[in-house]
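Colleague: Prediction below, plus the sequence it came from.
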Amino acid sequence: MPKSDLKPEDTHLVIMAGGIGSRFWPLSTPECPKQFIDILGCGKTLLQLTAERFVGIVPASNIWIVTSVQHRNLVYEQLPEIPKENIILEPCMRNTAPCIAYVGWKIKSKSSSANIIVTPSDHSISDMNSFRKTMNDALLFTAANDAILTIGITPDSPNTGYGYIAASHDEGAIKRVLSFKEKPTAEVAAEYLKADNYYWNSGMFVWKLSTLQESFKRYAPEIAAIFDNAAPYLNTEKETEYIKALYATIPKISVDYAIMEKADNIFICPADFRWSDLGTWGSLKEVLPCDSENNSYVGNVKFTNSTNCIAFSNKSEETVIENMHDAVIIDKCDGLHFYSIDGELVKELNK
């Protein structure tokens, strides 16, 4: 399919922004989870960076944000260019399958021929040229095929913190998915790295609206039936009331378990851009610059006689870290928080 066959008006982006960010406590809280925080110290939140990387790929009018009711104002403030009617508020958390079905059925009323990218809101991605090429290749493939296309990251280490995808050895950029693998042991991860056909599961995928709806009807019929019944109320004044009454009855299940691991039309587009799901303080440290003593920081921070630390400060005055090793230090207005590098609380000093 030629590149010109991709129509911007048919390309939609779904950003899942409903997580509570518990693994970055106390920086991330239920009131303001990590996707709404400038955790990289670049002047933009993770949600803003996610939307920004799709500029030129998806029009702002076709970006959909799925979040919780309590975080609506954070989304309004951070992404004012997104139409408010495209910000979908879940009354309760039901995992990724229901939220994707919800937005899919809403998109249908706007674009029955939509080609949809689904992405988490809280990841770190660099090398925008490679990212844009990958997403363009993915959109071209799904526009021409009844397929679910996952984005797999070419691993550069035997990381045990990610799920993996086993792919066929087919020639070409797009390969068939053989199986999904849970987070492995160190030994198994090393085997995956040597095998050369295993990829980190990025949680990003692309499919046509018709493929999305057919997949739910085939593999998660209970969820599909619920939104078929809800369809007359979607994008009307009665939607909020109807969804609020309905949502808690929907099965709580991830799209991986509901669809991905059952479908037989799953493909993978291997990607070489640098990626992290920013799931731990250690993973954040990996994407930040380090000094000669392997210390990383965000904000106005100075290290003295310290090694292998990561510090975060959102205060204007300088935070001095002295005689600390293998630690995470968060300096917030409510006090200083100290953790070991693996996240275990070591010390907490409240001011």
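Modeller: Nice, I can see it. This is a predicted model, so every value here is computed, not measured.
Colleague: Show me what whichever strand or helix holds residue 77 is packed up against.
Modeller: Assigned by DSSP states H and E, residue 77 belongs to helix 72-78. Judged by 3 or more C-beta pairs under 8 Å, 6 or more residues apart in numbering; DSSP states H and E, helix 72-78 is in contact with helix 46-52, strand 63-68, strand 87-90. No exception for glycine: its C-beta is placed from N, CA and C like everyone else's.
Colleague: measure stretch 291-310 end to end?
Modeller: 11 Å (C-alpha to C-alpha, to the nearest Å).
Colleague: Show me the contact partners of that stretch.
Modeller: Identification of contacts with stretch 291-310 by C-beta atoms under 8 Å, 6 or more residues apart in numbering yields 39-41, 281-282, 284-285, 288-290, 311-329, 331, 341.
Colleague: Swap in 7 Å and give it another go.
Modeller: 40-41, 281, 284-285, 288-290, 311-314, 316-329, 341 (C-beta atoms under 7 Å, 6 or more residues apart in numbering).
Colleague: Repeat that for stretch 13-20.
Modeller: Here stretch 13-20 has contacts from 30, 33, 35, 47, 50-51, 54, 58, 62-68, 75, 90, 93, 96, 99-100, 103, 116-122, using C-beta under 7 Å, 6+ apart.
Colleague: What is the burial count for residue 229?
Modeller: The tally of other residues near residue 229 (other C-beta atoms under 10 Å) stands at 11.
Colleague: whoops, residue 198 was the one
Modeller: Neighbour number of residue 198 under other C-beta under 10 Å is 24.
Colleague: Give me the neighbour count for the closest residue to it other than its chain neighbours.
Modeller: Spatially, and ignoring its direct neighbours in sequence, residue 198 is nearest to residue 192 (3.8 Å; C-beta to C-beta, 6 or more residues apart in numbering). Using other C-beta under 10 Å, residue 192 is surrounded by 20 other residues.
Colleague: what's the single longest helix in this protein?
Modeller: Longest helix in the chain by number of residues (criterion: DSSP state H): helix 128-144.
Colleague: what are the pairing partners of the following helix or strand past it, and which direction each?
Modeller: Next helix or strand after helix 128-144 toward the C-terminus (DSSP H and E): strand 148-153. Taking DSSP bridges as the criterion, strand 148-153 forms sheet pairs with strand 198-208 (antiparallel), strand 266-271 (parallel).
Colleague: which helices and strands does the helix or strand just after strand 148-153 pack with?
Modeller: Scanning forward in sequence from strand 148-153 by DSSP H and E, the next helix or strand is strand 164-167. Applying 3 or more C-beta pairs under 7 Å, 6 or more residues apart in numbering; DSSP states H and E, one finds that strand 164-167 contacts strand 148-153, strand 175-181, strand 198-208.
Colleague: Residue 104 and residue 213 touch, don't they?
Modeller: Yes - between residue 104 and residue 213 there is a contact at 6.3 Å, judged by C-beta atoms under 7 Å.
Colleague: what's next to stretch 282-289, contact-wise?
Modeller: 39, 124, 276-278, 296, 298, 310, 341-342.
Colleague: any idea how far that stretch is from the chain center?
Modeller: Chain-centre distance of stretch 282-289: 17 Å, with C-alpha atoms, centre = their mean, to the nearest Å.
Colleague: Check stretch 32-41 too.
Modeller: 13 Å.
Colleague: next one: stretch 163-174
Modeller: With C-alpha atoms, centre = their mean, you get 21 Å for stretch 163-174.
Colleague: Please save the CA atoms from it in PDB.
Modeller: Extracted in PDB, the C-alpha atoms of stretch 163-174 (Å, rounded to 0.1, in the frame of the first residue of the first chain):
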ATOM      1  CA  GLY A 163       7.000  -9.300  29.200                       C
ATOM      2  CA  TYR A 164       8.300 -10.700  25.900                       C
ATOM      3  CA  ILE A 165       6.900 -11.500  22.500                       C
ATOM      4  CA  ALA A 166       8.200 -14.500  20.500                       C
ATOM      5  CA  ALA A 167       8.200 -13.800  16.800                       C
ATOM      6  CA  SER A 168       8.500 -15.900  13.600                       C
ATOM      7  CA  HIS A 169      11.700 -15.700  11.600                       C
ATOM      8  CA  ASP A 170       9.900 -14.400   8.500                       C
ATOM      9  CA  GLU A 171      11.700 -12.000   6.200                       C
ATOM     10  CA  GLY A 172      10.600  -8.400   6.100                       C
ATOM     11  CA  ALA A 173       9.800  -5.700   8.700                       C
ATOM     12  CA  ILE A 174       6.500  -7.300  10.000                       C
END
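Colleague: and the residue nearest to residue 198, that's in a strand?
Modeller: No - under DSSP: H, G, I helix; E, B strand; the rest coil, residue 192 sits outside any strand and is assigned helix.
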